[in-house]
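1. 3D model of this:
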Amino acid sequence: MHYSLIIQYPYESIDIALCQNGSIVNSVNLHKFEAIGKTIPTIELFLKSQQLNLSNISFLAANVGPGPYNTLRAILTMLNGIYTVKKIPLIGLNALDLLSEQIKKTNYFIGLNAFENHIFYKLKNNSGVSYAANNINEILNIINSQPDKLIIQGNSAIKYEKQFKSLSKIIYPEQIVLFNNLETLASLSYQQYIKNNSSSKYLKPIYFEELATTK
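-> Residues are numbered from 1 along each chain as shown. Prediction:
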């Protein structure tokens, strides 16, 4: 039996869950302003409800972004602190990969809002997959140059709806998935744990610069 604690920050709130073998046992969604004060008490409550303690937890997992930096950094610092004391394995997963796994599409553009007019994105077409970060105007040019039509997902599809809908290469689905759900993080982190892909290093956020230099 493998228990895990997982956490993510979908921009305006904090998702926390206790999981068993990749399935959510208990979860909560907290407003981001409550995150610092309520995250540890929430974890303690989840453990107590199942008569567990941290020694029963097989791994800790987090969505490490890209996304809003300050709150994400605070969350990961907390998990790193637990790791330092308890040496519970850490697993960090990319928000763009989590969302692409959830939508299960062949050709897509997934965009998550960054600062000012920039977007973190993952683009997949018949030629391959690319990750990057760029401003909206450059991204529109990139999409226009694509040989394939792309289904759009992610919260940037809402923020820049007018610009994206002006492109013939973009397909808007009936439902836009703004951010991956907690179930996807639970399942994929468990798969990584079973494959022994946990990390002995501290978790860190995915920075804008790291994606900006990815081609």
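
2. mind giving me the domain split of the chain?
-> Domain assignment for the chain by automatic domain parsing gives 3-94+180-212, 96-171.

3. which residues of the protein fall in strands?
-> Remark: strands assigned in the chain by DSSP state E are 3-8, 13-20, 23-31, 57-63, 90-93, 108-113, 118-125, 128-135, 150-153, 170-171.

4. most tightly surrounded among these?
-> strand 108-113 (a mean of 27; mean count of other Cβ atoms under 10 Å). From N, CA and C alone the C-beta is placed, and that goes for glycine too.

5. tell me what it is packed against?
-> Using 3 or more Cβ pairs under 8 Å, 6 or more residues apart in numbering; DSSP states H and E, the elements in contact with strand 108-113 are helix 95-103, strand 118-125, strand 150-153, helix 156-159.

6. Any chance of JSON lines for the domains of the chain, columns mean pLDDT?
-> Formatted as JSON lines, those follow (pLDDT from 0 to 100):
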{"stretch": "domain 3-94+180-212", "mean pLDDT": "91"}
{"stretch": "domain 96-171", "mean pLDDT": "95"}
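
7. in stretch 173-187, what's buried?
-> By 16 or more other Cβ atoms under 10 Å, the buried positions in stretch 173-187 come out as 177-182, 184-187.

8. quick check, nearest of these to residue 151?
-> Nearest to residue 151 among the buried residues of stretch 173-187, counting by Cβ to Cβ, is residue 177 at 10.4 Å.

9. and the longest helix along the chain, how far from the chain's centre?
-> Criterion DSSP state H: the longest helix present in the chain is helix 69-86. Distance of helix 69-86 from the chain centroid (Cα atoms, centre = their mean, to the nearest Å) equals 15 Å.

10. Mind listing what's buried along it?
-> 69, 71-72, 75-76, 78-80, 82-83.

11. Dump those to TSV, plus distance to residue 206.
-> Below are the buried residues of helix 69-86 laid out as TSV (distance: Cβ to Cβ, whole Å):
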residue	distance to residue 206
69	10
71	14
72	9
75	13
76	11
78	17
79	15
80	15
82	20
83	18
